[in-house]
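J.: structure for the following, please:
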Amino acid sequence: MIELHYWPTPNGKKVTILLEELGVPYRIVPVQIGRGDQFEAEFLKISPNNRMPAMVDTEPKGGGAPISIFESGAIMMYLAEKEGRFWPQDVRGKYEVAQWVMWQMANQGPKFGEQGHFGRTPESAGDQSYARKRFADEVHRLYGVMNIRLYDRRYLAGDDYTIADMICYPWSVNFQMRGVDLEEFKYFKRWYEELSARPAVQKGMAVTAGVTPEDPTKLPPEEQDRRRKLLYNQRARPAPEGGMLTL
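T.: Numbering: from 1, shown residues only. All right, here's what the predicted structure looks like:
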């Protein structure tokens, strides 16, 4: 059984799309990131970067103890390799896919996320105009990267649908909110419409965490303040004392 520690954000939906495409059984373990579940000690054991999703495979290939993995790209590589689908293992095919998985993790996800962050930042925090333009331009550039890539191939890694496509799709869907005109990127649009019609993509995108999301504006002021301090402007946590190595 796959246990997916999850909240319905684009990073979580990358993995549920793959799980639905694979048709393997999985169980959702809710991680309510708005209230700070990702900082709980038990979650940090499997996701030391205090981010979801994280996964535990209770029945790994070859047997043995459960395997836990954090970072959505690593989870998707693991699942695709285990099931022998959506990630070719010959050296050329493997790295054709891997480079686009890395591209999403290093470029699309972070830059799109920063655009959303600064778009939500109130003016009381200072002038946000430079940050908003900076990340709006970068998001536009990245849609262009995908568009050019898809100019002469059906999918991001070539002729076959792979985890490279699945990992990029959830961050791509809110183009209107991002100020992107889909008609400007016709090759991306063709890819986006094809993936949007896949039943497993639709199912993966619709997966919830089984609980009703909170409305943070209705929380008591003191709880809103606690969460802001917990979730924003994080700094390093201290390491525990008595480690295995003496420095």
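
J.: what segments of this structure are strands?
T.: Secondary structure of the chain by DSSP state E: the strands cover 2-6, 26-30, 54-57, 67-70.

J.: in TSV, list these along with mean pLDDT and mean neighbour count.
T.: For the C-beta atoms, the positions are set from N, CA and C on the backbone; glycine is no exception. As requested, the strands of the chain are arranged in TSV below (pLDDT from 0 to 100; neighbours: other Cβ atoms under 10 Å):
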stretch	mean pLDDT	mean neighbour count
strand 2-6	98	22
strand 26-30	97	17
strand 54-57	98	23
strand 67-70	98	17
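
J.: looking at these, which is closest to residue 82?
T.: strand 54-57 (7.6 Å; Cβ to Cβ).

J.: so what touches the closest one?
T.: Contact partners of strand 54-57, identified using Cβ atoms under 8 Å, 6 or more residues apart in numbering, comprise 1-5, 15, 31, 43, 46-47, 66-70, 75, 78-79, 82.

J.: roughly how far out does it sit from the chain middle?
T.: Centroid displacement of strand 54-57 relative to its chain, using Cα atoms, centre = their mean, to the nearest Å, is 14 Å.

J.: circling back to that earlier point, turn the strands of the chain into a markdown table, including distance to residue 177.
T.: Shown next, in a markdown table, are these (distance: least, Cβ to Cβ, whole Å):
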| stretch | distance to residue 177 |
| --- | --- |
| strand 2-6 | 22 |
| strand 26-30 | 25 |
| strand 54-57 | 27 |
| strand 67-70 | 28 |
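
J.: quick one: which of these is nearest residue 237?
T.: Residue 237 lies closest to strand 67-70 among these, at 15.5 Å (Cβ to Cβ).

J.: what's around residue 212, how many residues?
T.: When neighbours are defined as other Cβ atoms under 10 Å, residue 212 has 7 of them.

J.: what score does it have for pLDDT?
T.: In the prediction, the pLDDT value recorded for residue 212 is 76.

J.: give me the phi and psi for it.
T.: phi -80, psi 120 (degrees, to the nearest 10).

J.: how about the CA coordinates for stretch 39-54, as PDB?
T.: Taking Å, rounded to 0.1, in the frame of the first residue of the first chain, the C-alpha atoms of stretch 39-54 are listed here in PDB:
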ATOM      1  CA  PHE A  39       6.000  20.700  11.300                       C
ATOM      2  CA  GLU A  40       4.800  17.800  13.500                       C
ATOM      3  CA  ALA A  41       7.600  15.500  14.600                       C
ATOM      4  CA  GLU A  42       6.100  12.400  13.000                       C
ATOM      5  CA  PHE A  43       5.800  14.100   9.600                       C
ATOM      6  CA  LEU A  44       9.400  15.400   9.800                       C
ATOM      7  CA  LYS A  45      10.700  11.900  10.100                       C
ATOM      8  CA  ILE A  46       9.600  11.200   6.600                       C
ATOM      9  CA  SER A  47       9.900  14.800   5.200                       C
ATOM     10  CA  PRO A  48      12.700  16.600   6.900                       C
ATOM     11  CA  ASN A  49      12.200  19.700   4.700                       C
ATOM     12  CA  ASN A  50       8.700  20.100   6.300                       C
ATOM     13  CA  ARG A  51       7.000  20.100   2.900                       C
ATOM     14  CA  MET A  52       4.400  17.800   1.500                       C
ATOM     15  CA  PRO A  53       3.900  15.500  -0.300                       C
ATOM     16  CA  ALA A  54       5.700  12.700   1.200                       C
END
